[in-house]
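Novice: Need coordinates for the below:
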Amino acid sequence: MIEITQDMAEIAAAQVIQDFAIIMVVASVMALVSYKLKQPMVIGYIAAGMIIGPHTPPFSLILHPEILNLLAEIGIVLLLFVVGLEYPIAKLRAVGKKALVIAFAEAFGTFGIGIAVGQAMGMTLFDSMFIALAISVTSTVVLSQVMREFGIAKTDTASLILGVTVIEDIIIVSTLAVLQSVASTGNLTIVEIGTSVGLVLAFIGGALFIGSKTVPKFVDMVGKTNHFDVLLVAILGVAFGLAFIANELGISVAAGAFFAGVLVAESKGHATAHVLTTPLKDMFAALFFVSIGALMDISQLPLFIVPALIFIAVSFASKFATVYLSAKSQGLDKKTALQAAFGSSASGGELALVTAKGGADVGATSGFVLPMVGAMTIITSFLSPYVVKFGFKIGERIAPSSEVKKDDKEGKEI
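Specialist: Numbering: from 1, shown residues only. Here you go, the predicted structure:
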């Protein structure tokens, strides 16, 4: 009996290695294709998942999709941790009032409009809420990359847009934690929602208050050993530890990982932490995006493509209107308001996929939500460079700037 069990374990281990090999080979090929086509890598990874996944005929190329899901969960933790590393508390405090107002107007305005549209289309309330949150996302990664490529990353408008996305990321992650907490009980009473909001705020407040006094000192103490391997283990301990605590409280692991990154960013060794964790993040984030593609049932494409296009239009219109109007209300000129509105409405991104998977993980959303958000992410990521470039050109035509704006690295004129 023991020998049979050992043989089965060896076979399973060999199959897992085979699955991992297939995943990495196909993902690398599709990532190279995306690079050659000058498209975001996320498109290539999602396409790789669709190729190897169980929903693509004639058969699945992987034998243990549950392993892929496990690696994807690790990917979420590392992805959000590294995102959090970009936002030390000092940087959050430095974000201006204007960016704060615009971010709240954009996130909650789009979220509310998205829920209303979903309900009007006959979707369930939770489907509407998770899709609405997904379309409220603006990808910091995609936007910063696009603006660098166009030589506009050093402009005042670009700084405003990135400031808005900083606050928006925190809003999205926090709201996702609340939604998952509420959805796990299925109870939408005011008391339940208030309890979930209070729990999330208490977690964030406790993490930032207690964590800011302990985590940076701990990381710096480990950093003094000058052993990068020990430092990496300590950093990952903080990331997964806070993600575990969040999960035990019924809050999204993404929220725990994000704020773990914020705390580590307060340490003196945050730059080293970023360098050490980025390769791990890149690998597991790739696995996360591949898993999203594998979970996308493309046979349902005819069913959700029209709603997906409707929500893309709603997302663009809502973000554009809320950002433009809130920017004008803060005294910004028409050119800046227009450029910020186009830039902010350009792309969804990785957090949209995290949001959609978050709904699926707690069983709150229908089967079509994840593939629909995946399709929307591919479309918006593809359109993003053109929307940003068009928006900045429109702004310059309406109110030409007296100075030539250049990116320090690229040196390209708009």
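Novice: buried ones in the helix or strand in which Val323 is found?
Specialist: Val323 is part of helix 301-329 when elements are defined by DSSP states H and E. Counting neighbours by 16 or more other Cβ atoms under 10 Å, one finds that the buried residues in helix 301-329 are 304, 307-308, 311-312, 314-316, 318-327. (Each C-beta comes from the backbone N, C-alpha and C, glycine too.)
Novice: Taking helix 301-329 as reference, get the angle to the helix or strand just after that helix.
Specialist: As assigned by DSSP H and E, the chain's next helix or strand after helix 301-329 is helix 334-344. Angle between the axes of helix 334-344 and helix 301-329 is 150 degrees (criterion: axes from the mean of the first three to the mean of the last three Cα atoms, to 10 degrees).
Novice: pLDDT of helix 334-344, averaged?
Specialist: Mean per-residue pLDDT for helix 334-344: 85.
Novice: contacting residues around the very next helix or strand once past that helix?
Specialist: Elements were assigned by DSSP H and E; along the chain past helix 334-344, the next helix or strand is helix 350-361. Here helix 350-361 makes contact (Cβ atoms under 8 Å, 6 or more residues apart in numbering) with 42, 72, 76, 79-80, 126-127, 130-131, 133-135, 137, 139, 141, 169, 172-173, 176, 179-180, 183, 252, 254, 285, 288-289, 292, 295, 365, 369-370, 372-374, 376-377.
Novice: Buried among those? Need that as a selection in ChimeraX.
Specialist: To isolate the buried members of these in ChimeraX, using 16+ other Cβ under 10 Å:
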select :42,72,76,79,80,126,127,130,131,133,134,135,137,139,141,169,172,173,176,179,180,183,252,254,285,288,289,292,295,365,369,370,372,373,374,376,377
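Novice: Name the SS class of the closest residue to Gly241 other than its chain neighbours, please.
Specialist: Leaving aside its sequence neighbours, Gly241 sits nearest to Ala260 (Cβ to Cβ, 6 or more residues apart in numbering; 7.5 Å). Classification of Ala260 by DSSP: H, G, I helix; E, B strand; the rest coil places it in helix.
Novice: list the contacts for Ala260?
Specialist: For Ala260, counting by Cβ under 8 Å, 6+ apart, the contacting residues are 81, 84, 207, 211, 215, 238-239, 241-243.
Novice: Can you turn the buried part of these into a ChimeraX selection?
Specialist: Applying 16+ other Cβ under 10 Å to those leaves a buried subset, and the ChimeraX line that selects it is:
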select :81,84,207,211,215,238,239,242,243
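Novice: Relative to Ala340, which of the contacts of Ala260 is nearest.
Specialist: Ranked by distance to Ala340 (Cβ to Cβ), these are led by Gly84 at 24.0 Å.
Novice: Give me the pLDDT for that closest one.
Specialist: At Gly84, the pLDDT value in this model is 80.
Novice: Assess the claim that it and Val262 are in contact.
Specialist: Yes - using Cβ atoms under 8 Å, Gly84 is in contact with Val262, at 4.5 Å.
Novice: So the residue nearest in space to the middle of the chain versus Phe81, what's the distance?
Specialist: Geometric centre of the chain, nearest residue: Leu351, 1.9 Å, by Cα atoms, centre = their mean. As judged by Cβ to Cβ, to the nearest Å, Leu351 and Phe81 stand 13 Å apart.
Novice: repeat for Gly331
Specialist: When Gly331 is compared with Phe81 (using Cβ to Cβ), they lie 36 Å apart.
Novice: Kind regards, and thank you for your time.
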